[in-house]
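Engineer: Turn this into a structure:
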Amino acid sequence: MKTICVFGSSSEIIARSYLDTAEELGRALAARGCGVVYGAGRYGIMGAVSRGVRAENGTLIGVSPDFFVDMNVLVQDYGELLLTPTMRERKAVMEDKSDAFVICAGGIGTLEEFFEVITLKQLGRHDKPIILLNTNGFYDPMIDMMEQSVAQHFMSDKVHRLYSVAQSVDEVLEQLDSYKPFGYNKYKA
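Structural biologist: Okay, here's the model as predicted:
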């Protein structure tokens with residue numbers, strides 16, 4: 001895995017433990033020679049990941065819709081910054097440039113990014129690892145909701161094999177190293 005996409009919050013008012021874990025993730029990925037693709041934000045988890053990558057002199061690729069430039073919320077002084085016309089195109093660039101996805105805690109945008117990459121994987125558009133970094137059990141309720149969807153037959157229990165859950169940065173690295181693609185076709189039994 002050469003380039004890892006990290007999705008996460010842009011909020012600065014979240015608990016410090018989320019920011020510390022994100023910075024640790026950025027450091028760990030850069031230290032092992034992985035480039036990091038992210039949403040180019042300077043705040044929240046995105047900013048923390050970029051600080052971690054910088055601390056290790058790693059490769060950082062920020063991808064943002066151009067309307068964020070005027071808001072002055074982007075990291076523009078380190079790494080590569082790619083601008084797109086829309087949020088949709090932003091995600092497509094991030095997905096195309098990445099060999100794996102790590103989803104840190106986040107809000108609407110982060111959740112949407114997770115569900116897009118897992119949907120694309122379910123439809124056979126990629127076979128890249130998708131790892132939920134479950135800091136402080138943040139994703140436990142969503143995992144429970146997905147279990148409920150399986151229990152009520154809205155989705156197959158095989159969907160759970162399309163992603164994994166890590167409780168720490170070390171587990172993220174282990175899961176990246178041991179990843180084996182899982183062929184899945186939602187339209188075949």
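Engineer: Tyr18 versus the closest residue to Ala105 other than its chain neighbours, what's the distance?
Structural biologist: Spatially, and ignoring its direct neighbours in sequence, Ala105 is nearest to Phe138 (4.2 Å; Cβ to Cβ, 6 or more residues apart in numbering). Where C-beta positions appear, they are placed from N, C-alpha and C, glycine not excepted. Separation of Phe138 from Tyr18 (Cβ to Cβ, to the nearest Å) stands at 8 Å.
Engineer: what's the spacing between the residue nearest to Ala105 and Pro65?
Structural biologist: From Phe138 to Pro65 the distance is 26 Å (Cβ to Cβ).
Engineer: what ranges of this structure fall below the confidence cut-off?
Structural biologist: Along the chain, segments meeting pLDDT under 70 span 189.
Engineer: Could I get the full set of helices for it?
Structural biologist: Along the chain, the stretches classed as helices by DSSP state H are 16-31, 44-55, 87-96, 108-122, 140-151, 169-178.
Engineer: what's the most buried one of those helices?
Structural biologist: helix 44-55 (a mean of 25; mean count of other Cβ atoms under 10 Å).
Engineer: Thought Thr110 was touching Lys138, still the case?
Structural biologist: You called it Lys, but residue 138 is Phe. No. With contacts counted by Cβ atoms under 8 Å, Phe138 stays clear of Thr110, the gap being 10.1 Å.
Engineer: residue contacts, the residue nearest to Gly26 when sequence neighbours are not counted?
Structural biologist: Nearest residue to Gly26 in three dimensions, chain neighbours excluded: Gly52, at 2.4 Å (Cβ to Cβ, 6+ apart). Going by Cβ atoms under 8 Å, 6 or more residues apart in numbering, Gly52 touches Ala22, Glu23, Glu24, Leu25, Gly26, Arg27, Ala28, Leu29, Ala30.
Engineer: Please tell me how far Glu23 sits from Ile143.
Structural biologist: Distance, Glu23 to Ile143, by Cβ to Cβ: 25 Å.
Engineer: Correction: the previous question concerned Gly39.
Structural biologist: 23 Å.
Engineer: for Gln76, same thing?
Structural biologist: 36 Å.
Engineer: next one: Thr59
Structural biologist: Taken as Cβ to Cβ, the span from Thr59 to Ile143 is 31 Å.
Engineer: repeat for Phe7
Structural biologist: According to Cβ to Cβ, Phe7 and Ile143 sit 16 Å apart.
Engineer: What of Asp20?
Structural biologist: From Asp20 to Ile143 the distance is 23 Å (Cβ to Cβ).
Engineer: Check Leu74 too.
Structural biologist: In terms of Cβ to Cβ, Leu74 sits 32 Å off from Ile143.
Engineer: What of Ala22?
Structural biologist: 20 Å.
Engineer: same check, this time on Tyr43
Structural biologist: Counting by Cβ to Cβ, the gap from Tyr43 to Ile143 is 27 Å.
Engineer: next one: Gly79
Structural biologist: Per Cβ to Cβ, Gly79 is found 32 Å from Ile143.
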